[in-house]
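Asks: no sequence on this one, just coordinates:
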């Protein structure tokens, strides 16, 4: 196994890490490459379609679709920060990644991941206001408030994740340079350091706890009120339709929160890294693929906007 001399940010250009990937199934590299490539293309295409149609159709210039298009933008960046490198590992076996590229990947992944969770809380709040406070919805969710909410999500995601990544990059790395993961994540990188990492781990644990449980609390409160409001609907058909939409949203939310809580809600991430790897795969491949379908592509209003856009393209030809 390769060895590295102790390294800090000052001589980081000499440091190379090796992403282990999935060694147990590496012999299926070409098959896994194809499967993950298809999932990646489907996710990026679906999210890009949401962004394009939302901005092209004036009927979708509403707070909900503004938040959804921002959410889709983050999803594209989130999955792109991880999957292309995983595809390279599957296809060519090139597992090396430089110090700068590794920490850039870790920061982009965590920054966009935190932003996505805050956006999900905003989306839940938006649905709560639309369903439970319809008369005040457009007064509260005016363009200025929508812009401020999105700016707050990005700002919080950046500020909360940049500090632990900077602290992590200043640690010494020596001994094994093999990261037992398919991308540069905080826990596996911490375990490679030969410095004292307790304070860095605890800082990240506190910040991750704040991101996950703040957004989770807002989501639970919002959907609890939505359910109460739905139960008061006079028509059984309306209740069934509303519950169908809510249940699909909650299924995706459950996947995302459960996988992230399993991975990050441990002060010491020394154990079960193999299990973390599988949970991270759900978070980086499965949920970004499901989100476009659940949040927008099943929506009749979006379907109509898509048909209108296709009709305009045909007329132009």
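Replies: Sure thing, it's come through. Quick caveat: nothing in here was measured; it's all calculated off a predicted structure. Numbers count the residues shown, from 1 in each chain.
Asks: report how many residues lie close to the closest residue in space to residue 98 that isn't next to it in sequence.
Replies: Of all residues not flanking residue 98 in the chain, residue 16 sits nearest, at 6.0 Å (C-beta to C-beta, 6 or more residues apart in numbering). For every residue, glycine as well, the C-beta is placed using N, CA and C. A count of nearby residues for residue 16, using other C-beta atoms under 10 Å, gives 16.
Asks: mind listing what residue 16 touches?
Replies: 4, 96, 97, 98, 99, 177 (C-beta atoms under 8 Å, 6 or more residues apart in numbering).
Asks: if we use 7 Å, what do you get?
Replies: Residues in contact with residue 16 (C-beta atoms under 7 Å, 6 or more residues apart in numbering) are 96, 98, 177.
Asks: and what of residue 153?
Replies: Counted by C-beta under 7 Å, 6+ apart, residue 153 has contacts 115, 118, 119, 122.
Asks: is the closest residue in space to it that isn't next to it in sequence in a helix, a strand, or coil?
Replies: Excluding its sequence neighbours, the residue lying closest to residue 153 (C-beta to C-beta, 6+ apart) is residue 118, at 3.9 Å. Recorded secondary structure, residue 118: helix (DSSP: H, G, I helix; E, B strand; the rest coil).
Asks: measure residue 118 to residue 26 for me?
Replies: Per C-beta to C-beta, to the nearest Å, residue 118 is found 36 Å from residue 26.
Asks: check residue 48 too.
Replies: From residue 48 to residue 26 the distance is 31 Å (C-beta to C-beta).
Asks: also residue 196?
Replies: 34 Å.
Asks: how about the nearest residue to residue 185, chain neighbours excluded?
Replies: residue 106 (6.3 Å).
Asks: let me know the pLDDT of residue 297.
Replies: pLDDT, residue 297: 56.
Asks: state the helix or strand in which the residue minimising distance to the centre of the chain lies.
Replies: Residue closest to the mean C-alpha point of the chain, counted by C-alpha atoms, centre = their mean, is residue 113 at 4.0 Å. Using DSSP states H and E, residue 113 maps to helix 99-132.
Asks: now do the buried residues in the helix or strand following that helix.
Replies: Using DSSP H and E, the next helix or strand after helix 99-132 towards the C-terminus is helix 137-140. Judged by neighbour count (16 or more other C-beta atoms under 10 Å), helix 137-140 contains these buried residues: residue 137.
Asks: give me the local confidence score for residue 134.
Replies: Reported pLDDT at residue 134 in the predicted model: 86.
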